[in-house]
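**Q** sequence first, then the predicted structure:
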Amino acid sequence: MGAVTYAVWLALIALSLAAAALALDPHLGGPHRRRWWQGLALASAAVLALSPHVVTFSQQELLVFLTINTLVVVSYRLLALTGEFSLGHVVMMGFGAYASALLSKQFAIPVPLSIILAAGLTGLVAFILAFPLFRMKGFYFLIGSFAAGETIRLLWKAFIGPKGISRIPGVPDIEIGAYEINFWEPVASYYLVLVIAAVSIWILWRIEHSHIGLTFHAVHWRDQLAGAVGVNTWRTRTQALVLASFFAGLAGALLAHYLTTVNPNRFAVHEMVFVLIWVIVGGTATIWGPIIGLVTLTAINEVLLRDIGYDELRPLFYGVLLVLAMLFLPNGLETLPARVVRRFRRARPLTSQG
Amino acid sequence: MDFGVFLQTCLNATYASSYLALVAVGLVLIFGVMRVVNFAHGELYMAGAYCLFWVFYQNELPFFAGVAVAVLAVAVVGLLLERTMFRPMKDNPLGGLICSIGALLVLQAGAVALFGVRKKSFAGPYNEAVTLFGIDALTISGQRLVVIAFAVILLGALWIFLRRSRFGWALRAVAQDSEAAALQGISISRISMLAMILGAALAGVAGALTATIVPTGPYMGHPVIIGAFIVIIVGGLGSLEGAVLASVLYAFTHTFVTTLFDGTIADITGLVLMLIVLVVRPHGLLGKPERA
């Protein structure tokens, strides 16, 4: 892999770490905080816009998957905010993929519409699943969500076929004057997915900082107290699950039309384990945590280790990193820059502000 | 289904319930004492199978030497998991579970590194078919009979150990109420180590005994751990008797549905069974409801 590829990935990691540092430390940057955010946003936009043009074809494809996965991990975090860890999120993603594939292929619904419908249907399924699943908490919810998800996945395998669906229509070409955008190209797909992911993440961010988002935190940390002051904890958890599943379904539908095939094994529990690892290694305190986890681990896994060439041992690295993160960095990689900053600050003499 | 097939399926289900019970009882033992659900338990089973492959097939030593090595080696692996992950994660309810997912990936990659991705099929020493009670339909390979016999003996011995020995009493006391047990002078960390050794060793035995029956591969633990989870939920988390009862129930259901329909439908049936128990009776058939 060329030096440019490494530079792109390092830039992505550095930008997400910087964003987490700013988000976690309200004093960082002092009076110039707003400038820092603006600079960061501009730099991110530049890196994200330019990166597909400087890397190889396979890296362009990787960027598409990375962007789709960003939506998966950020939506997963929304459910994690209520304190519940699900093992069914990737199946929800798969549900969106299957739904959009069937809607566009069997019922000839135009692709952009089928993607939105599929995301909505995924939310609906999550709503139905909430009735049995939110009678459980903690470990029971974890295992219950696994059972529900695996049942759905095996139903696809049994009734749609073990090979899944192929020849799914792609996103149709767009003609703007003389320009023609063809979504067979990874670069065009990358921009499409990037815009959708960015808008979705912005919506998720707004949800978290709204009244609903505050009740998510309340249900996580003090669910009996929240119930006592009039928060319907069941409804709050259901809202989180439905919203998270909606965006997971959206990500799945985008994946299906990009790959033009869906396969039940793509949504098996070992894929779920990767999502869990990205989120836990990155951290869940801010929206940037899961993104840091995803970008860092994908970079090490798909660029560094692929270069070194230990293909079969890559799960070893994921496993070791998960355990190390749990033991030594339980709040995730996102807290790393804040720790470094604090250490530097302590080394300097204290100012009047402390 | 004619009567001969019915008897044959019963026999297969008995075999399936025996190794499943060995794995599930270990899982329950670890959960009871440490409140950790060990996701890597299927990989301990896999490690046991590879121990037998290494000792019995590659080094051509006696079969039971392989079983003994499997017990010791897997118990050591279990002990390592306890010391490096479960003990430091004691205060984090889902921490141990998440660490065990990491351990699962490490053990799988370790098996791939040592033995390769390809599954190994090799014959055991007791492969000739045995006909029980002179009934032709009741024919089973000797190897499977060994598994059934071991499961009955080991689970019986464990039951007596837990009820008759001081260690067993201490272990049950910790499982019931670890704080009260600690106040009585029982060392929680020693009992945790004991539970981990016992639980891991049972998984290792199950793996070693079935290594010549199912193909030994790095991902062979996956269906076993899913079955074991269904069993411990249906039987009731923390209930050893429940785990044995649920192993029998699940193995019979799964084997019969596989024979009548196919494997995928059987998997779905098992998962739906678990979901129903989780919704209707979350403490399982024989478990006690958890105190708030």
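**A** Alright, I've got the coordinates. Numbers count the residues shown, from 1 in each chain, chains lettered A, B, ... in the order given.
**Q** wasn't B:G102 part of a helix?
**A** Yes: counting by DSSP: H, G, I helix; E, B strand; the rest coil, B:G102 falls inside a helix.
**Q** if I read this right, it contacts A:L316, doesn't it?
**A** No: contact status for B:G102 versus A:L316: not in contact, 9.9 Å apart, counting by CB atoms under 8 Å. All C-beta spots, glycine's among them, are computed from the backbone N, C-alpha and C.
**Q** got the residues of the stretch 151-292 of chain B near chain A?
**A** Residues of the stretch 151-292 of chain B found near chain A (CB under 8 Å from any CB of the partner chain) are B:226, B:229-230, B:233, B:262, B:264-265, B:267-268, B:271-272, B:274-275, B:278-279, B:282.
**Q** now the residues you listed: which count as buried?
**A** The neighbour-count test (16 or more other CB atoms under 10 Å in any protein chain shown) applied to those identifies B:I226, B:F229, B:I230, B:I233, B:T264, B:D267, B:I268, B:L271, B:M274, B:L275, B:L278, B:P282 as buried.
**Q** quick one: which helix or strand includes the first one?
**A** Think B:I226. Secondary structure assignment for B:I226, by DSSP states H and E: helix B:221-235.
**Q** elements contacting that helix?
**A** helix A:138-159, helix B:3-34, helix B:41-52, helix B:240-260, helix B:263-280 (3 or more CB pairs under 8 Å, 6 or more residues apart in numbering or on different chains; DSSP states H and E).
**Q** before we move on, back to that, can you tell me which of the buried ones among the residues of the stretch 151-292 of chain B next to chain A is nearest B:A251?
**A** For B:A251, the nearest member of these is B:I230. The distance, counting by CB to CB, is 10.3 Å.
**Q** which residues does the nearest residue to the closest one once chain neighbours are set aside contact?
**A** The spatially closest residue to B:I230, leaving aside those adjacent along the chain, is B:M274, at 4.5 Å (CB to CB, 6 or more residues apart in numbering or on different chains). For B:M274, the contact set (CB atoms under 8 Å, 6 or more residues apart in numbering or on different chains) comprises A:I143, A:A147, B:F229, B:I230, B:I233, B:V234.
**Q** the fourth one touches B:L271, doesn't it?
**A** Yes: counting by CB under 8 Å, B:I230 does reach B:L271; the two are 6.9 Å apart.
**Q** please identify every residue contacting each of the two.
**A** Both B:I230 and B:L271 are contacted by A:A147, under the criterion CB under 8 Å, 6+ apart.
**Q** ok, the residue nearest to A:L154 when sequence neighbours are not counted to A:T122 distance?
**A** Once flanking residues are discounted, A:L154 sits nearest to B:I268: 4.9 Å by CB to CB, 6+ apart. Applying CB to CB, to the nearest Å, one obtains 20 Å for the distance of B:I268 from A:T122.
**Q** neighbours around A:F216, how many?
**A** Using other CB atoms under 10 Å in any protein chain shown, A:F216 has 25 neighbouring residues.
**Q** which SSE is it in?
**A** For A:F216, the host element (DSSP H and E) is helix A:211-221.
**Q** average pLDDT across that helix?
**A** pLDDT averaged over helix A:211-221 equals 84, rounded to a whole number.
**Q** distance from the chain centre to that helix, please.
**A** Centroid separation between helix A:211-221 and its chain, computed with CA atoms, centre = their mean, to the nearest Å, is 20 Å.
**Q** over to stretch A:295-302?
**A** From the chain centre to the centre of stretch A:295-302 is a distance of 14 Å (CA atoms, centre = their mean).
**Q** contact partners of it?
**A** Looking at what lies outside stretch A:295-302 - CB under 8 Å, 6+ apart - the contacts are A:9-10, A:12-13, A:16, A:62, A:66, A:69, A:277-278, A:281-282, A:314, A:317-318, A:321, A:333.
**Q** so of the helices and strands packed on helix B:221-235, which one's packed in deepest?
**A** helix B:41-52 (a mean of 29; mean count of other CB atoms under 10 Å in any protein chain shown).
**Q** does chain A sit close to that helix?
**A** No: if you take CB under 8 Å from any CB as the test, helix B:41-52 misses chain A, and the best it gets is 10.2 Å.
**Q** list the buried ones in the helix or strand just after that helix?
**A** Next in sequence after helix B:41-52, counting helices and strands by DSSP H and E, comes helix B:63-81. Buried residues in helix B:63-81, counted by 16+ other CB under 10 Å: B:63, B:66-71, B:73-75, B:77-78, B:81.
**Q** so B:R144 makes contact with B:I213?
**A** Yes: B:R144 is within contact range of B:I213, at 6.4 Å (criterion: CB under 8 Å).
**Q** compare those two and say which is more crowded by neighbours.
**A** When B:R144 is set against B:I213 and neighbours are counted by other CB under 10 Å, the residue ahead is B:R144, at 25 against 19.
**Q** tilt between the lengthiest helix in chain A and helix A:138-159?
**A** Determined from DSSP state H, the single longest helix within chain A is helix A:233-259. Computed by axes from the mean of the first three to the mean of the last three CA atoms, to 10 degrees, the angle separating helix A:233-259 from helix A:138-159 equals 40 degrees.
**Q** pull out the buried positions in helix A:233-259.
**A** So helix A:233-259, judged by 16+ other CB under 10 Å, has buried residues A:233, A:236-259.
**Q** swap in stretch A:111-118?
**A** Buried-residue list, stretch A:111-118, by 16+ other CB under 10 Å: A:V111, A:S114, A:I115, A:L117, A:A118.
**Q** quick one: what helix or strand has the fourth one in it?
**A** Read it as A:L117. Counting by DSSP H and E, A:L117 is found in helix A:111-133.
**Q** CA atoms only for stretch A:261-275 - export them in CSV, please.
**A** Presented in CSV, the C-alpha positions along stretch A:261-275 are these (Å, rounded to 0.1, in the frame of the first residue of the first chain):
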residue,chain,number,x,y,z
THR,A,261,-26.1,-9.0,-3.9
VAL,A,262,-27.1,-9.9,-0.4
ASN,A,263,-26.0,-13.1,1.4
PRO,A,264,-27.3,-14.3,4.8
ASN,A,265,-23.8,-14.9,6.0
ARG,A,266,-22.9,-11.3,5.6
PHE,A,267,-25.2,-10.6,8.6
ALA,A,268,-24.1,-13.5,10.9
VAL,A,269,-23.1,-13.1,14.5
HIS,A,270,-19.4,-12.8,13.7
GLU,A,271,-20.1,-9.6,11.8
MET,A,272,-22.0,-8.4,14.8
VAL,A,273,-19.0,-9.1,17.0
PHE,A,274,-16.9,-6.7,14.8
VAL,A,275,-19.5,-3.9,15.3
